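**Student:** Pasted the sequence and its predicted model underneath.
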Amino acid sequence: MNIGIVCYPTFGGSGVVATELGKGLAEKGHNVHFITYKEPARLLDAFHENIFFHEVRLNDYPLFDYAPYETALASKLVDVAINDKLDIFHVHYAIPHASAAYMARQILLQKGINIPVITTLHGTDITLVGKDPTYEPVVTYSINQSCGVTAVSESLKRDTFAHFDIKNEITVIPNFIDFSRFKKTNKDHFKKAIAPNGEKILIHTSNFRKVKRVEDVVHIFCRISSQMPAKLLMIGDGPERQNAEILARNSCSSLDVRFLGKQEAIEELLAVGDLFLMPSESESFGLAALEAMACEVPVISSNAGGIPEVNIDGVTGYLLNIGDVQGMADKAIELLKDEEKLATFKRNAFAQAQQFNIEQILPQYESFYQQILDLGQCK
Ligand code: GMT
């Protein structure tokens, strides 16, 4: 198949899932065309056969306070669809990708070319940004006009029906993990450098947006480190990083907290972790938690959104109410102090992550594509 994938090219979850999906499809022999404003972060690691990148360029014009990205994207989709004989558009994150693809599809139909649009909903496109009246009518319309719609969790599917007037079916295809990359490896030298006295290592990775409650991460850690020797690795960057750094400096030993910024080889950092912290306000799935679990790191998380579909309370970690930093710290301390239980949770985390093995999930996307193509004409 010739597949056109539209996504945000950043380290954010939807971009990561879209890129890993594209890489997996290309390995199976499909031609995958990424159409976005920058080469996706996870494509930069190597040259990939069957993968093509088409940059959406925005020409500067003095009239524009805001350059019309959606128009440029739709035009690029038309161009790539014709020249590279695409079979299908698969857009990740509804805003503005679903409406741009809808526009491209209409233009192509006028030229006698029928290219179905599949929209994958990822989270904040529904639970936060998309339901805002600024975008809601267009999001509702473009979801309803998509030929196929998928959501990354049952929770996100429920939220979509709750917040929007959706007439389309939504198929849940969960996020996935590539175990050839995310696996426990021996990084003892690195562990020694981070925790020279055998301190337990806690990890948080995110885009440091408000929804991640990074200040909670610091509060939880300070409570833990007051009870036992521990270190915290804060990985990623974003608007809340500075507040979290100031909080860490003022509330517990800043020597025990390291802010590492954006990192490419997350799996190497996860390899030294004992516990992952995800106190998010909202999380449609929690891909970062799954990445940790694949590397045998149990998770202390909130019970928001789709997290309970990934992290199992009392088995792979613990789930507490949003904002319950004391409860999260107590559970973390309990687990970190009980070596036997910690080892069991690490094994359980790995076993649970296996359910989301790319080898099982990727064929679900392939058969979904085929199902949509077999429908022939849609809307
Ligand atoms: O979490 C973010 O802010 C990034 C966002 C995105 O779309 O890039 O992540 C969402 O999609 C991920 C991949 O499907 C999910 O694992 C995240 O849970 C989801 N984030 C939220 O719902 C807040």
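**Tutor:** Nice, I can see it. Numbering: from 1, shown residues only.
**Student:** all helices of the stretch 201-350 of the chain, in order?
**Tutor:** 214-225, 241-251, 266-270, 287-294, 325-337, 339-353 (DSSP state H, counting those that start in this stretch).
**Student:** Adding mean neighbour count and mean pLDDT, write those out as a markdown table.
**Tutor:** From N, CA and C alone the C-beta is placed, and that goes for glycine too. What follows is the helices of the stretch 201-350 of the chain, written out as a markdown table (neighbours: other C-beta atoms under 10 Å; pLDDT from 0 to 100):
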| stretch | mean neighbour count | mean pLDDT |
| --- | --- | --- |
| helix 214-225 | 24 | 97 |
| helix 241-251 | 16 | 94 |
| helix 266-270 | 20 | 94 |
| helix 287-294 | 27 | 97 |
| helix 325-337 | 19 | 98 |
| helix 339-353 | 17 | 98 |
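**Student:** Go through those helices and name the closest to residue 159.
**Tutor:** In terms of C-beta to C-beta, the element of these nearest to residue 159 is helix 287-294, at 16.8 Å.
**Student:** circling back to that earlier point, pipe the helices of the stretch 201-350 of the chain into JSON lines and attach distance to residue 93 per row.
**Tutor:** Rendered in JSON lines, the data for the helices of the stretch 201-350 of the chain read as follows (distance: least, C-beta to C-beta, whole Å):
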{"stretch": "helix 214-225", "distance to residue 93": "22"}
{"stretch": "helix 241-251", "distance to residue 93": "22"}
{"stretch": "helix 266-270", "distance to residue 93": "20"}
{"stretch": "helix 287-294", "distance to residue 93": "13"}
{"stretch": "helix 325-337", "distance to residue 93": "29"}
{"stretch": "helix 339-353", "distance to residue 93": "24"}
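**Student:** what residues does the stretch 151-300 of the chain put near the ligand?
**Tutor:** 152, 175, 207, 209, 211, 282-287 (C-beta under 6 Å from any ligand atom).
**Student:** switch to 5 Å and redo it
**Tutor:** Taking C-beta under 5 Å from any ligand atom as the measure of proximity, the stretch 151-300 of the chain contacts the ligand at 152, 211, 282-287.
**Student:** same question for stretch 3-12, mean pLDDT?
**Tutor:** Confidence for stretch 3-12, expressed as mean pLDDT, is 91.
**Student:** Does the ligand have contacts with that stretch?
**Tutor:** Yes: residues of stretch 3-12 are located near the ligand by C-beta under 5 Å from any ligand atom, namely residue 12.
**Student:** Show me where the stretch 51-200 of the chain has its strands.
**Tutor:** All strands of the stretch 51-200 of the chain, identified by DSSP state E, counting those that start in this stretch, fall at 51-55, 88-92, 117-121, 148-151, 171-172, 200-205.
**Student:** what residues does the shortest one touch?
**Tutor:** Read that as strand 171-172. Outside strand 171-172, the residues that touch it by C-beta atoms under 8 Å, 6 or more residues apart in numbering are 148-154, 156-157, 368.
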